[in-house]
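S.K.: let's see this in three dimensions:
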Amino acid sequence: MLTLSDWYHEQVLPLANIYLDPLQNPTGGEPVPYSALMNDGHNVKLNVKPGKTYFIRIINMAAFSQSYLHFDQHKMTIVEIDGIYTEHKEVDSLYIAVAQRYGVLLKTKHTTSTNYAALAMLDSTKFDNVPTYLNTNVTGYLVYDDKKALPLDLVVNSFDIIDDFTLTPYDKLHLFDGTPDSEIVVALDFFERDGQNR
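M.R.: Prediction:
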């Protein structure tokens with residue numbers, strides 16, 4: 001299993017008074033984390049053997065942040081999303097929403113000549129502001145040989161992301177068709193009431 005998450009240095013209770021107060025937080029912006037985490041840490045080593053296929057369950061356990069995930073020079077084959085088996089789809093990278101889960105197959109290389117970096121990156125475009133302290137990237141490693149050097153941090157300039165709505169359920173269950181006979185509209189808004197952001 002591989003978990004992705006965001007790390008806050010402060011607890012909820014001290015933050016709540018600030019973020020619920022319309023004078024201190026007039027836009028109602030959410031707290032921004034300090035950094036990304038992979039398996040609750042940094043520089044995580046995933047020991048692998050050559051010529052194998054690994055099933056990896058990936059879970060975004062973040063409180064607020066969507067994440068990208070990319071393994072250097074390795075493809076992932078999606079076989080499951082949020083508990084639903086899918087037809088196989090080979091991808092270079094994943095975009096994983098908060099609480100979203102993927103099951104992927106990862107085929108390893110046939111030699112142990114090199115270790116490879118893995119990059120998880122928070123999607124900071126969804127934050128109201130991006131503070132200077134924010135470290136959006138966390139690096140992990142596919143370790144083929146622990147006696148060999150670990151690679152440099154991975155830089156990915158753009159992620160080739162698929163729309164998960166394009167995945168086909170393995171059982172080929174079709175979407176409902178026809179016209180609905182009723183509609184429910186949910187209107188959401190942000191406002192101040194009783195001296196608190198709501």
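
S.K.: direction included, what does the helix or strand containing I56 pair against?
M.R.: Following DSSP states H and E, the helix or strand that holds I56 is strand 53-60. Its sheet considered, strand 53-60 pairs with strand 2-7 (parallel), strand 101-107 (antiparallel) by DSSP bridges.

S.K.: quick one: that strand to chain centroid distance?
M.R.: Relative to its chain's centre, strand 53-60 lies at 12 Å (Cα atoms, centre = their mean, to the nearest Å).

S.K.: may I see the buried residues of that strand?
M.R.: I58, N60 (16 or more other Cβ atoms under 10 Å). From N, CA and C alone the C-beta is placed, and that goes for glycine too.

S.K.: which stretches of the protein form strands?
M.R.: 2-7, 35-38, 44-47, 53-60, 67-71, 76-81, 84-91, 93-96, 101-107, 116-122, 137-143, 192-193, 196-197 (DSSP state E).

S.K.: so can I have a markdown table of those showing mean pLDDT and distance to S158?
M.R.: Formatted as a markdown table, the strands of the chain follow (pLDDT from 0 to 100; distance: least, Cβ to Cβ, whole Å):
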| stretch | mean pLDDT | distance to S158 |
| --- | --- | --- |
| strand 2-7 | 97 | 19 |
| strand 35-38 | 97 | 18 |
| strand 44-47 | 97 | 24 |
| strand 53-60 | 98 | 20 |
| strand 67-71 | 98 | 10 |
| strand 76-81 | 98 | 17 |
| strand 84-91 | 97 | 14 |
| strand 93-96 | 98 | 9 |
| strand 101-107 | 98 | 20 |
| strand 116-122 | 98 | 11 |
| strand 137-143 | 97 | 14 |
| strand 192-193 | 78 | 39 |
| strand 196-197 | 76 | 35 |
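
S.K.: among those strands, which comes closest to V130?
M.R.: Counting by Cβ to Cβ, V130 lies closest to strand 116-122 out of the strands of the chain; the figure is 9.8 Å.
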